[in-house]
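Colleague: okay, here's the prediction I keep looking at, along with the sequence it came from:
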Amino acid sequence: MTPRTATTAPADLSAPTSPPAEPPTWTGQPVRRVEDPAILRGWGTFVGDVAARDATCLYAAFVRSPVAAGRIRSITAPPGVRLITATDLAGVRPIAPELKRPDYVRVEMPVLATDVVRFVGEPVALVLAESAALAEDALDSVAVDIEPTPAVLDAAAAVRPDSPLVHDAAFPGDPNTTVDARLTTPGFDAALQSAATVVELEVSCGRQSAMPMEARASHAAVDRGTGRVTLHTATQMPHVVRTGICDCLDLDEDLFRVVAPDVGGAFGAKMSLAREDVALVFLARRLRRNIAWIETREENFLAAWHSREQRYQLTAAFTEDGVLTALGADIVADVGAYSCYPVTFGVEPLMAFAELPGPYTIAEYSVRSRAVLSNKCPIAPYRGVSRPVQTLATERIMDVAARRLGLDPVTIRQRNLVATFPHTTPTGLVLDQASHQEALVEAARQVDLPGFRERQAAARAEGRWLGIGFSCFAERTGYGTPAFAARSMAITPGYERVNMSMDPSGGVVLRIGASPHGQGLRTSLAQLVADKLGLRPEEIRVVHGDTDATPYGWGSFGSRAMVIAGGASSRAADTLRQRLIDIAADQLECAPEDVDLREGQATVRGTGIGRPIKQLARLAHHNSHLLPAGELPSLEVSATYDPGGTFSNACHVAEVEVDELTGAVQITRFLVVEDAGLLVNPAIVDGQVHGGVVQGIANALYEELLYDDRGILVTTSLMDYLPPTLAETPDIEIIHLASVSDATLTGAKGVGEGGTIGAPAAVLNAVSDALSPLGIELTHLPATPSRVRTAIRTAQARLSSEGALR
Amino acid sequence: MTATVPLRLLVNGERHDISVEPRRTLADALREDCQLTGTHLGCEHGVCGACTVLLDGQPARACLIFAVQCEGVSIRTVEGLSADDENLHPVQQAFWDHHGLQCGFCTPGFLMLAAGTLEEDPERSDEELRDILSSNLCRCTGYQNILAATRAAAAQMRP
């Protein structure tokens, strides 16, 4: 595999028909986004704007449980307050997604809590009022009486036989354990016994919020004539939201429309069905009134899904040369109180189970990975899902082993990264191709490790603590139905479908089932299609996010949109291209192979003869009797794409300086050498990397959702939960390797999550490297100043007492 | 709490005669009473800065000020940033050219912060720009291109 530059066109792998021979005009260019002008002028349409423009709508506000576990005695409100409780929602089905696995325990999430509450922030009722302010007033007047019961707040205690149960369910194994996946390869024990050294390590991660700038928001509008409801909602998967709500309400899907307008960021947190939305649609139908719900930031922290609370007990066997021969892991994910729809609370532990070996040639693997319930907010996917913590695990192991074996962090990784492809992992995943070694070597060259060691030594002599940290990972991307089917999901996502049509004026409309929320997919897809059709990107209008206007699809998540929706768009464009070429060849009396589409013209190659594409479009619609025999009078095509998936990869490097007194960490350099295949729009790709890395830095140093010992969330505002500002953000350097995957139609591999995956481990490795003279190995995310300072103080006390003993 | 008072706001050079409860924030009055929905609400407790508008040229959090406090004040929102529908303000143009936005929810706040700052003093140092732009939160861009765009706009706006 040879890394290619960003501007290299991929081999056209798909094209059933004549591909453009020349290099693409638009693909690979940092085209300015078509999405931007409206937003820059304040003319976007977010869900809150839909509500603000609707003077007639009611506002809902949700009454939320103030206790972690308990039985509802009563919910009352003064006369005049329109209070809705579970009783009013009789007949509405609970949300209960499933995995078809014997160890999966199905639990039900009622739309409003019925008799039991299971986490602080769980909706127990709602009030309706004529304005948002009046709804908040009404909320203050509601009295909730709940009898507290023992809460489950710690995963280690939750699995003990005497633990209270979060759900009164039949657990086949330990209490509160809803997924328990195990695998041990046959040679694992022998590899462990013959190891030169065994690294044992526990790594863990606190709870993190995806924290999109726009909290959740929904507006249900009812057509009085038909009773049909349109739900505008901030979601990543409008079609799946429609299915989920219709299943809860026993409604035919054609009687309900979901629209995702401009969505103010999501990062996974808007891909699970919200119980609040089910209530809204039910009540809009029942009351024949429009109803809006605009989530507050506090509610978003309390109830809009958490992520990442995981603990890994790790055992890693190395040879003297630093080859990692066997990896053991006992993984516990605290998944909160309910299962998110559609991917379920198996998403984190099962991803960790399958993908922990990552980019390394680990021959023997033993893993147990569990989902354990607790009386906390449910977890759901967030950018990277398990992989930031998985990568923390493998990358901390590499550095701890390197120190023990006297190797440098680059050498030990070089000896373990997969270099021969295809490579099959111990869990049967096939790494089709990647540039793991190349990315590491390039990163090491860029940062000049020997030079850094000299600067580090000089700084230490001055009492300053500098450190460097590497982080390598493989990110599974762009996977379709086969990969989801392997997870045994009752609802199996995967494919994407598109419809493409050219109108009589020559304009192209591309309707996609995927549903972007800020990534610029309208621009990137338009670039791909423009090249196929010989048009300009602004002549391709991409329509998304409306179940009435787009084919059924799964949405945008899992670094998949460019790969899968891009592949389907590419296929559709190939077909439409061939239709146009056939019509042009007939008109121009030449062979189809001789026709090229370029700059709005269908021309006979090597001649000046041609026809404007607009003229062909007009002819196809209005003079269809002139079409070649057998051609139908339309320019509409559809295509589906459902790939098996591939892997992006990267090496991140962080350089830090640690303040001994305060424990504060300053990141002085951050480098990403990444390989996500073909770059359709390099500016957009860089933007994805930038944003991902900063969310990863947040995970490494700042952000943590904290519960107190009664299960009350104490980080409910942006005064307590601390996303980085520009002041905490380093300059981010990016190098693209852009090796093109044969596993995708476009050659793009998917880039949405990588930044978030690699950064936490790079930062923690750098901090641990800085503090290595004190023997400190940090293992918990986030490494807040107080944690770092405590580690320094503890180590200094230990060293001084050892010195005193000597 | 539902008694309303008449109020005249001057927004983007236009008069808006509205009637609001005294407790109504400027952000809500702009969005609902003036129907200017470009000003966004990200936290409603003054941290994220998505609701930043200019009050007599100074950046301010529209979620932390009551509408009734703004009578007689010249209010500028993202809708009033460019002179007309054909052209963009240099800050808007720079954000477009430098990919300074992704989902766009925080963007109006950053645009008003940058525009207010640079219209007051386009000669701000890089350190000052970093410091000022740290007033607001963005979750998508990692700030890299927001800083690049603001630097470019500053270069454009210098005399």
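Modeller: Received it, and whenever you're ready, just let me know what you need.
Colleague: in chain B, which residue sits nearest chain A?
Modeller: residue B:38 (2.0 Å; Cβ to the nearest Cβ). Glycine gets a C-beta too; all of them are placed from N, C-alpha and C.
Colleague: next up, the contacts around that residue.
Modeller: Counting by Cβ atoms under 8 Å, 6 or more residues apart in numbering or on different chains, residue B:38 touches A:41-44, B:77-79, B:108.
Colleague: which strands or helices does the lengthiest helix in chain A pack on?
Modeller: Using DSSP state H to define each element, chain A has its longest helix at helix A:566-588. When contacts are defined as 3 or more Cβ pairs under 8 Å, 6 or more residues apart in numbering or on different chains; DSSP states H and E, helix A:566-588 packs onto strand A:496-502, strand A:508-512, helix A:521-533, strand A:595-598, strand A:601-604, strand A:610-612, helix A:613-622, strand A:636-641.
Colleague: show me how far it is from its chain's centre.
Modeller: 34 Å (Cα atoms, centre = their mean, to the nearest Å).
Colleague: tell me which residue of chain A lies closest to chain B.
Modeller: For chain A, Cβ to the nearest Cβ, closest residue to chain B: residue A:42, 2.0 Å.
Colleague: excluding its backbone neighbours, what's nearest residue 64?
Modeller: Just so you know, I chose chain A. residue A:121 (4.9 Å; Cβ to Cβ, 6 or more residues apart in numbering or on different chains).
Colleague: that answer is for a different chain, and I need it for chain B
Modeller: Per Cβ to Cβ, 6+ apart, closest to residue B:64 is residue B:46, 4.5 Å.
Colleague: show me where the stretch 101-250 of chain A has strands.
Modeller: For the stretch 101-250 of chain A, the strands defined by DSSP state E, counting those that start in this stretch cover A:116-117, A:123-129, A:143-148, A:177-184, A:197-205, A:217-222, A:229-233.
Colleague: quick one: low-confidence parts of the stretch 51-200 of chain A?
Modeller: Within the stretch 51-200 of chain A, no range satisfies pLDDT under 70.
Colleague: which residues of it lie near chain B?
Modeller: A:52-53, A:132-134, A:137 (Cβ under 8 Å from any Cβ of the partner chain).
Colleague: shaky segments in chain B?
Modeller: The low-confidence ranges in chain B, as defined by pLDDT under 70, are B:1.
Colleague: secondary structure element for residue A:404?
Modeller: Element membership for residue A:404 (DSSP states H and E) is helix A:387-405.
Colleague: which among the contacts of residue B:38 end up buried?
Modeller: Among those, the ones that count as buried by 16 or more other Cβ atoms under 10 Å in any protein chain shown are A:41-42, A:44, B:77-79, B:108.
Colleague: look at residue A:149 and say how many residues are nearby.
Modeller: Neighbours of residue A:149 under the rule other Cβ atoms under 10 Å in any protein chain shown: 15.
Colleague: make that residue A:96, sorry
Modeller: When neighbours are counted by other Cβ under 10 Å, residue A:96 comes out with 17.
Colleague: leaving out the residues flanking it, which one is nearest to it?
Modeller: Using Cβ to Cβ, 6+ apart, the closest residue to residue A:96 is residue A:108 (4.6 Å).
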